[in-house]
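Undergrad: coords below, sequence missing:
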């Protein structure tokens, strides 16, 4: 592990209120090495420079830490019982960083590309992450399955999609009383206004929006906290492709 990696991880984690153990630091560095190596043969990320991976992938994923503490799902030890799904996880963000910091979380990583899912399984094995389920499939299909529909305390996603579409993909996974928290970049206000009707149709209620800037950058980020207040209609999600082609209005 490089000293620059250790220093940057410690500094940026501390800004988020996180103290990393030596084991967690090693896990993050191994994850970084596996990401860069696999990226040579598989398109996982355009971000590969060490300092950028730390900020734009690891710190960005962990920016949820403060909100998770506020949620207190299941009391002070919420993370021991919290069941999380990361929809469209790609290279494992934010699911794997959250699992490293909260090893007792139960995490499901969902992605539509099977070779990515196979690699994520390798990562979890290499990092000794237990209680992680890697699932291959489209959100529209998996969200209708009994083992996944309305069973999760928390759904997170850094997937690139407008909020109305993303809500249709993700809200069916969340149990009533649980939360959907998408990670959004740039200005969010107009997108949020356009998505409010969709959020309501899908059983959700907007709780808050936390805006921040990634450490050492001018990159604007937003965490949108949506509470699931009622069951979602059986007609959602619509068939594959429709949520993106025709977002709910």
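TA: On my side now, so go ahead. The shown structure was predicted, so the numbers you read here are calculated from the model rather than taken from an experiment.
Undergrad: isn't there a helix covering residue 175?
TA: No: counting by DSSP: H, G, I helix; E, B strand; the rest coil, residue 175 falls outside a helix, being strand.
Undergrad: burial of it, as a residue count?
TA: 16 (other Cβ atoms under 10 Å). In short, each C-beta sits where N, CA and C put it, glycine included.
Undergrad: Pretty sure it sits against residue 154.
TA: No: look at residue 175 against residue 154 with Cβ atoms under 8 Å: they stay out of range, at 9.5 Å.
Undergrad: next structured bit after the host helix or strand of residue 51?
TA: Using DSSP states H and E, residue 51 falls within helix 50-53. With elements assigned by DSSP H and E, the helix or strand that comes after helix 50-53 is helix 60-62.
Undergrad: pLDDT of that next one, averaged?
TA: Average pLDDT, helix 60-62: 95.
Undergrad: Centre of the chain to it, how far?
TA: Put simply, helix 60-62 sits 8 Å off its chain's centre (Cα atoms, centre = their mean, to the nearest Å).
Undergrad: Please apply the same query to stretch 8-18.
TA: With Cα atoms, centre = their mean, you get 19 Å for stretch 8-18.
Undergrad: List the buried residues of that stretch.
TA: 8, 9, 12, 13, 18 (16 or more other Cβ atoms under 10 Å).
Undergrad: can you name the two of the residues you listed that are farthest apart?
TA: Across the buried residues of stretch 8-18, the longest distance by Cβ to Cβ is 13.3 Å; it joins 8 and 18.
Undergrad: What is the least confident helix or strand in this protein?
TA: Ranked by mean pLDDT, DSSP states H and E, the weakest helix or strand in the chain is helix 65-71, scoring a mean of 74.
Undergrad: Show me the strands in this structure, by range?
TA: 83-87, 106-111, 132-136, 152-157, 174-185, 204-213, 220-228 (DSSP state E).
Undergrad: Show me what the last one is packed against.
TA: For strand 220-228, the packing partners by 3 or more Cβ pairs under 8 Å, 6 or more residues apart in numbering; DSSP states H and E come out as strand 174-185, strand 204-213.
Undergrad: For the longest one, which strands pair with it and how are they oriented?
TA: This points to strand 174-185. Note on strand 174-185: by DSSP bridges, its sheet partners are strand 152-157 (parallel), strand 220-228 (antiparallel).
Undergrad: Give me the residues contacting the first one.
TA: If I follow you right, that is strand 152-157. Applying Cβ atoms under 8 Å, 6 or more residues apart in numbering, the contact partners of strand 152-157 are 64, 68, 71, 73-74, 81-88, 94-95, 98, 108, 166, 169-171, 173-175, 178-183.
Undergrad: Only whichever of those residues are buried, select them in PyMOL.
TA: Those of those that count as buried under 16+ other Cβ under 10 Å are selected in PyMOL with:
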select buried, resi 64+68+71+73+82+83+84+85+86+87+88+94+95+98+108+166+169+170+171+173+174+175+178+179+180+181+182+183
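Undergrad: ok so, going back, tabulate the buried residues of stretch 8-18 (TSV), appending pLDDT and distance to residue 25.
TA: Listed next are the buried residues of stretch 8-18 as TSV, based on pLDDT from 0 to 100; distance: Cβ to Cβ, whole Å:
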residue	pLDDT	distance to residue 25
8	96	11
9	96	6
12	94	12
13	94	9
18	92	11
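Undergrad: wait, which of these is closest to residue 193?
TA: residue 12 (31.7 Å).
Undergrad: That closest one - nearest residue in space that isn't next to it in sequence?
TA: residue 59 (4.4 Å; Cβ to Cβ, 6 or more residues apart in numbering).
Undergrad: Appreciated, that's everything.
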